[in-house]
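Chemist: Sharing a model prediction with you, sequence too.
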Amino acid sequence: MTFTQLRILQAVARTGNMTRAAEELNTTQSAVSHALRGLESELGLALLVRGSHGVSLTAAGRAVCRRATLILTQLEALEQEVAAARGQDRGSLRVGAIPSANARLLPRILRTFGEAHPHVRLTVIEGSDGEVLDWLQTGAADIGTLTAGAVSASVPDLVMRPLATDQMLAALPSGHDLAVRHSVPVADLARQPFIMSTGGCEPLITALAREAGASLRCHYRVRDTNSILAMVAEGLGVSILPELSLPAHHAGVHAIPLEPASVRTILLALPADPLPAATALLEHALESF
């Protein structure tokens, strides 16, 4: 069993695809397949279920992958600590990011951090709050952004710090009757066909509706923000989206604050025993705001 095999298993588990795992690891699909067959042969276990739509882990594969992640995280921590003892700044860092933070907050942070730490290799993995939380808890990500309210304020073994805030906004077709207002109650939106964002904001939107005593008429459930905006522009419904996820302008869409105003907090989270590079990124990010 080699560290390379464990890294390949981890990448395949995360991507669910041999080709994407190979691209992520800068190797070939045949090398990925060969490494995994060798690992399965050595362990005497089937770790993967191979299908026409990709690969998934067996129960044994999930158990092995959890251990592999712990081993690789400890190895990375050891290498970073040894490098730091030698006065060097190097290693790798996997950043889990919710889409809105990845679009509007992280690019500048990662650029300036990269300039200050040129020998730290950064990898960004984008997903919903639930996915990022899972990556942080399993070790697939070393640091990540989460939405306060979408996850528990106190998650065992994670340290969370506020990074930024933005408003939740109503997204309306430009010619809609509600678009002429300066703000709109959630109860008024509940009377319209609603396009629910499933990319991570659904718990926040559902909570807003519950607080308003309203029941949203969800005609559509869509993950991608650009798709939601395109549907709103066509008059298929209204939606609620975080300010950071919206472009400066989208033809046919008018965004206005909710009434009362709803503020979302973006958190930066890392394990209680973080990699040195993760701690450095946390400190750098907090100093940037």
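Modeler: Received, thanks. Treat the numbers as computed from the prediction; the structure is a model and nothing was measured. Numbers count the residues shown, from 1 in each chain.
Chemist: And the next helix or strand past the host helix or strand of Ile8?
Modeler: Using DSSP states H and E, Ile8 falls within helix 3-15. Moving toward the C-terminus from helix 3-15, the next helix or strand (DSSP H and E) is helix 18-24.
Chemist: Okay, buried residues for that next one please.
Modeler: By 16 or more other CB atoms under 10 Å, the buried positions in helix 18-24 come out as Met18, Arg20, Ala21, Ala22, Glu24. C-betas here are computed from N, CA, C, even on glycine.
Chemist: Touching, the fourth one and Gln29? I think so.
Modeler: Yes: the pair Ala22 and Gln29 qualifies as a contact (CB atoms under 8 Å) at a distance of 4.6 Å.
Chemist: List the buried residues of stretch 270-288.
Modeler: Leu270, Pro271, Pro274, Leu275, Pro276, Ala277, Ala278, Ala280, Leu281, Leu282, Ala285.
Chemist: whoops, I mixed them up, stretch 6-16
Modeler: Leu6, Arg7, Ile8, Leu9, Gln10, Ala11, Val12, Ala13, Arg14, Thr15.
Chemist: ok so Pro162 is a strand residue?
Modeler: Yes: according to DSSP: H, G, I helix; E, B strand; the rest coil, Pro162 belongs to a strand.
Chemist: Make 3 the first number, not 1, from now on.
Modeler: That works, and once the first residue is 3, the last one we named lands at Pro164.
Chemist: residues near it, how many?
Modeler: 12 (other CB atoms under 10 Å).
Chemist: for it, which residues make a bridge with it?
Modeler: Leu269 (DSSP bridges).
Chemist: Could you verify my assumption that it touches Val265?
Modeler: No: here Pro164 lies out of contact with Val265, judged by CB under 8 Å, at a distance of 11.3 Å.
Chemist: Pretty sure Pro259 sits against His184.
Modeler: Yes: with contacts counted by CB under 8 Å, Pro259 reaches His184, the gap being 7.5 Å.
Chemist: how about the buried residues of stretch 8-18, which pair is most distant?
Modeler: Spanning the widest gap among these are Leu8 and Thr17, at 15.2 Å by CB to CB.
Chemist: coming back round to it: what's in contact with the helix holding Ile10?
Modeler: 20, 23, 26-27, 34, 37-38, 40-41, 49-50, 57, 59, 63-64, 66-67, 70-71, 73-74, 77, 127, 137, 142 (CB atoms under 8 Å, 6 or more residues apart in numbering).
Chemist: State the distance from Glu204 to Ser130.
Modeler: Taking CB to CB, to the nearest Å as the measure, Glu204 falls 9 Å from Ser130.
Chemist: does Ser217 count as helix, strand or coil?
Modeler: Under three-state DSSP, Ser217 comes out as coil.
Chemist: so how far is Val57 from the nearest residue to it once chain neighbours are set aside?
Modeler: Among residues not flanking Ser217 along the chain, Ala192 sits closest, at 6.1 Å (CB to CB, 6 or more residues apart in numbering). Distance, Ala192 to Val57, using CB to CB: 42 Å.
Chemist: neighbour count winner among the two?
Modeler: The residue with more neighbours, out of Ala192 and Val57, is Val57; 20 against 16, by other CB under 10 Å.
Chemist: on that earlier part again, for the record, mean pLDDT for the helix holding Ile10?
Modeler: The pLDDT scores in helix 5-17 average 87.
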